[in-house]
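Engineer: Provided below are the primary sequence and the corresponding predicted coordinates.
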Amino acid sequence: MIAVKKSNQRGRTKIDWLDSRHTFSFGDYYDPSAMGFSVLRVINEDRVVGGGGFPTHPHRDMEIVTWVLEGALEHRDSLGSGSVILPGDAQRMSAGRGIRHSEFNASRHTPVHFLQIWLLPAGAGIDPGYEQRNFPESTRRGQLRLVVSTDGAEGSIVIHQDARMYDGLLKAGEGTVHTLAPLRRAYLQLARGNVQANGVSLDAGDGAAVENETRLDLKAKSDSELLLFDLP
């Protein structure tokens, strides 16, 4: 079964420096039927204008993954970590027993467009942590590239949860297949383009919860980027 959430069904936060779309309940957007999927709790698609950003604020007991689509995002946190996140970079921040961080557009002029993903950790009160790694476009072309996992397989960054995140870049007409193990679920988030998943059409911004399927046949109808979460 594949249940689609269209882009225009998402919640929205729009202020002078931020335009954010929420797949699941977040902030002032509350939908009791959209509190997450499996261990996936948040998918926010954020656009931040030049010079804008999120001032220092706290988190705890959450695995937070940031994936930049366009532009550059500057990160600072209470662990002393600091970096600029660019397209192709996967960043993981384990909030654990408590962390404070800020995120700002690294440019004063060019907007930044990114996805921020929250996953529930396997346990509470773990040590806070930070990791960032680049996954070149060439390794994501025409296939699903593992970028986040629980065990660091294939050079992926590590989260404290039995979940895997893939990114794929498909040209129009290209396809790929993902096999789901028994009792596993998946969530697809289309970042751009148009993709068919087992014949179900997804456009940019659409998401799809996948249950009771053993195989996902993905076919791009236009140049596309998709994120796939393999979940318990």
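Structural biologist: All right, it came through fine.
Engineer: Quick one: the helices in this structure, in order.
Structural biologist: Counting by DSSP state H, one finds no helices in the chain.
Engineer: Tell me who's in contact with the residue nearest to the spatial centre of the chain.
Structural biologist: Centrality entry for the chain: nearest residue to the mean C-alpha point is I117, 4.3 Å, by C-alpha atoms, centre = their mean. Listed by C-beta atoms under 8 Å, 6 or more residues apart in numbering, the contact set of I117 reads L40, V42, I43, N44, I64, V65, T66, W67, M165, F229. For the C-beta atoms, the positions are set from N, CA and C on the backbone; glycine is no exception.
Engineer: again, only using 7 Å
Structural biologist: By C-beta atoms under 7 Å, 6 or more residues apart in numbering, I117 lies in contact with V42, I43, V65.
Engineer: Pull out the buried residues from stretch 194-204.
Structural biologist: Going by neighbour count (16 or more other C-beta atoms under 10 Å), the buried part of stretch 194-204 is N194, V195, A197, L202, D203, A204.
Engineer: Now flag whichever of these is closest to G155.
Structural biologist: Comparing these against G155 with C-beta to C-beta places V195 closest, at 25.0 Å.
Engineer: Just the pLDDT at the closest one, thanks.
Structural biologist: pLDDT for V195: 98.
Engineer: just checking, it touches L226?
Structural biologist: Yes. Assessed by C-beta atoms under 7 Å, V195 is found in contact with L226 at 5.6 Å.
Engineer: if we can go back for a sec, redo the buried residues of stretch 194-204 as TSV? Include distance to F26.
Structural biologist: Formatted as TSV, these follow (distance: C-beta to C-beta, whole Å):
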residue	distance to F26
N194	26
V195	24
A197	24
L202	21
D203	21
A204	20
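Engineer: Among these, list the two that are farthest apart in space.
Structural biologist: A197 and A204 (14.1 Å).
Engineer: neighbours of the nearest residue to I43 once chain neighbours are set aside, just the number please.
Structural biologist: Closest residue to I43 apart from its sequence neighbours, by C-beta to C-beta, 6 or more residues apart in numbering: T23 at 4.0 Å. Residues within reach of T23, counting by other C-beta atoms under 10 Å, total 27.
Engineer: Verify the contact between T23 and D46 for me.
Structural biologist: No. If you go by C-beta under 7 Å, T23 and D46 don't touch, sitting 11.9 Å apart.
Engineer: Need the phi and psi values for the closest residue to G51 other than its chain neighbours.
Structural biologist: Nearest residue to G51 in three dimensions, chain neighbours excluded: R108, at 4.5 Å (C-beta to C-beta, 6+ apart). Dihedral angles of R108 (phi, psi; degrees, to the nearest 10) stand at phi -90, psi 0.
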